[in-house]
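Undergrad: here's a sequence, model it:
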Amino acid sequence: MILGKEGPMLHGGSILAVIFGSSNWFKQKMDVASHWGTYTYNRDLRDLVACGAACGVCTAFKAPVGGVLFSMEMSTRWRKELTWRCFLVSAITIVVVRYSTTVCLSRGHCTNLGWGSLAWFQQAYPTPYGQTWAFVLLAIVGGYIASLFTAFNTWVCLLRKRWSKWFSFRILEVCVISVITSIVLFAMPLGGRCHKCDTDTLDHCVVGASRFMTFAGYGCSSGSYNDLAVLVFNPQGFKIQALFAAPSGTFHMSSLLLYSAFYYFLAAITYGAFIPSGLFTVSLIFGGCFGRIWAELLVWVGAIDASEPGLVGIYALLGAASFLGGLMRMSASMCLVLMEMTGAPNTLPFLMMVLIISKGVGDRFNYSVFDHQIMLKGFAFIGGIPEHIVKRAHLDAEDVMLKPSGANHLNITEPAKHLLETLDANKTVTVFAVCGAPKSSDEPGDFMGIISRQSILELVARHGDDAESIDLSSKVEVAPVVIPPGMPLTFIYNVMQEQGLNYIPVIRQHGPLEGMVSRVDIVGVQSHQLDKFHVKENLQQASKDIEGGRIIQSMMIDKQTAALRKAIAAPFMKARDLLVKDIHEHDEFMDGEKEERTPIIYLDALAGAFPEQKPEAALTQQISLSSTQPYLRRSKTDAAATMTSTAASAADGGVREQARVHSSCDRLE
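TA: The predicted structure is shown next:
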């Protein structure tokens, strides 16, 4: 199956961490009882999971530093002590892996574990700074292809979600995908090209292809190899080395295109199925093919010299980096893992540049593939929204809190009948706010704390269903943190992530409860008010289309096309607005009858290619803004007179400029 074998390693490390953290010994050492119960989750257990994930990455790629950074970028909360803990366990892991591999090899066993990881090799790459332009274009295209992978995989998982509630379907789906993948991969080498070996040694016919060489000749004569058979029948680590190290011409262009197309499609279908799988190794293989295709195109047009050692290989490495950056949206960890895996520190500047650019391109279209999977699963995950977007929304605690009502509000003493009716009427509510005795009929009592559903059931079972009055004070949990209604949402984000809080009471001052902010409320605000891609709404609409049998419409191809058009138009529109602003700041006191500006004419034509943009309206608005600048700079004494004259000149200038734009566009046509 097309899946990353590092996925089970990450899962295994995380599962071991959960098992270890759930033991009685760990609970006693970490003093879990001192936590604030319902208000918080078990933070120490999540720290253990982060350490387990770091060990999994370290084991897979012999990259201890990359494993630590991977856990750091994946974690929603990080602190100094967790850093050295992850470093410690990663260092122990790499020592154990290398020592075990050495001992096993010395006894004549474990020949397939010669590397001790999925992919690890030493490769020397050049530093062609003159080809930075090609690397930038590679990063842009790779980031967009990765964003398309995320969108397609999300759609496939949405289809899968319709039938995945049956366990038998989950098993059957994995079996069907495995059979289809096997058939496709066994038939694919029939379309491969035969190449002569560079050496007489069959095991070194292709760099990296030193296993399963029985299939390398797939329909080819002796002394030659089938390039598609090398990519299909070799283990993942060897094919990664072949893509990253082999010289130009090792794989034919048509073979790379055919293999990468099927690999891309099968990987998008496989990821998300009910089997442990990863995407890192898959991204390395597809990205390596994509980078080699890019390099072969440049060789074909004569832009690069194919005879330079390692030049095509560095394009394969950067192609993998571009796909990883656009898919996972992690730069530091991916950069360190790739550098540690290849042992080529001189590629660090190129890796950093490509990863950052591809991440930025991907952020123009959707979120990372992990964020989309979290949204599909419906987890209450806080994060993924840039801080500047949260600040720009100007949301406070009173905008996101759930105000107290009969559904989530209880008095300190309540009859058993009322408690049971409240639980039955609010089956999805897990905690309830508890207030003291009302001060009057119109004024509620002071806030005391919260109580969980389980605690209410225990009290009712203890006192009986017919109890006239049950005191809840013994099970009420006092709030560790309270905030005022005007607290900014950014502060609430930080408090919930750093302290691991699930609920934060909102109190104006010591007195009645104003509301309660929960993680579920924050997730709802993220989905409906802060999400610029409207992923939640799109998923709901796609689900309705799938249920209605509108499969093609559920793919939302029109929205993907509109997003691409908008991304292409954005630089031209920005440049045009800046030019217009600069010109009119200099010409605001002139009559406007000057020579035509050629850049403005061409930018007008480019902007007119996108129907959703309105260049004339944008130009008129820009004229009005630039024309009001003198009024803002002058003193308050002549403000009224200046405003009148400025408004008149802005109106006249806007009419003249619109006429000039139309005449310019007519001449251009």
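Undergrad: any weak-confidence spans in the stretch 401-550 of the chain?
TA: When residues are selected by pLDDT under 70, those of the stretch 401-550 of the chain lie in 406-408, 441.
Undergrad: do the chain as well
TA: Low-confidence segments of the chain (pLDDT under 70): 27-42, 76, 108-121, 198-204, 207-217, 406-408, 441, 585-669.
Undergrad: that one: strands as residue ranges?
TA: In order along the chain, the chain carries the following strands (DSSP state E): 194-196, 224-226, 409-411, 413-414, 431-435, 447-452, 470-471, 503-506, 515-518.
Undergrad: the fifth one - contacts with which helices or strands?
TA: Using 3 or more CB pairs under 8 Å, 6 or more residues apart in numbering; DSSP states H and E, the elements in contact with strand 431-435 are strand 409-411, strand 447-452, helix 453-463. Just so you know, the C-beta spots here come from the backbone N, C-alpha and C atoms, and that holds for glycine as well.
Undergrad: again, only using 10 Å
TA: strand 409-411, strand 413-414, helix 416-425, strand 447-452, helix 453-463, strand 503-506, strand 515-518 (3 or more CB pairs under 10 Å, 6 or more residues apart in numbering; DSSP states H and E).
Undergrad: what are the buried residues along the longest one?
TA: Yep, that's helix 453-463 we're talking about. Residues of helix 453-463 classed as buried: Arg453, Ser455, Ile456, Leu459, Val460, His463 (neighbour count, 16 or more other CB atoms under 10 Å).
Undergrad: which among these gets closest to His409?
TA: The shortest approach to His409 among these belongs to Ile456, at 13.1 Å (CB to CB).
Undergrad: correct me, but the closest one touches Ser474?
TA: No: in this structure, Ile456 sits apart from Ser474 without contact. The criterion is CB atoms under 10 Å, and the distance is 11.6 Å.
Undergrad: output the strands of the chain as a markdown table; include the columns distance to Arg162.
TA: Shown next, in a markdown table, are these (distance: least, CB to CB, whole Å):
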| stretch | distance to Arg162 |
| --- | --- |
| strand 194-196 | 45 |
| strand 224-226 | 40 |
| strand 409-411 | 38 |
| strand 413-414 | 43 |
| strand 431-435 | 32 |
| strand 447-452 | 34 |
| strand 470-471 | 44 |
| strand 503-506 | 33 |
| strand 515-518 | 29 |
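Undergrad: out of those strands, which gets nearest to Cys58?
TA: By CB to CB (comparing all of those), the closest turns out to be strand 224-226, at 34.0 Å.
Undergrad: for that closest one, which strands pair with it and how are they oriented?
TA: Strand 224-226 sits in its sheet next to strand 194-196 (antiparallel), going by DSSP bridges.
Undergrad: residues in contact with the partner strand?
TA: By CB atoms under 10 Å, 6 or more residues apart in numbering, the residues outside strand 194-196 that reach it are 205-206, 217-221, 223-227, 229-230, 249-252, 255.
Undergrad: circling back: and the helices and strands packed on strand 431-435, which is most packed in?
TA: Burial of the helices and strands packed on strand 431-435 is given as mean neighbour count (mean count of other CB atoms under 10 Å); strand 503-506 ranks first at a mean of 24.
Undergrad: which other helices and strands does it contact?
TA: Using 3+ CB pairs under 10 Å, 6+ apart as the contact criterion, the neighbours of strand 503-506 among helices and strands are helix 397-400, strand 431-435, strand 447-452, helix 489-499, strand 515-518, helix 519-525.
Undergrad: and the ones you listed: which comes nearest Gly191?
TA: Nearest to Gly191 among the helices and strands packed on strand 503-506 is helix 519-525; the distance by CB to CB comes to 47.2 Å.
Undergrad: what are the buried residues along stretch 64-83?
TA: Going by neighbour count (16+ other CB under 10 Å), the buried part of stretch 64-83 is 64-72, 74-75, 77-78, 82.
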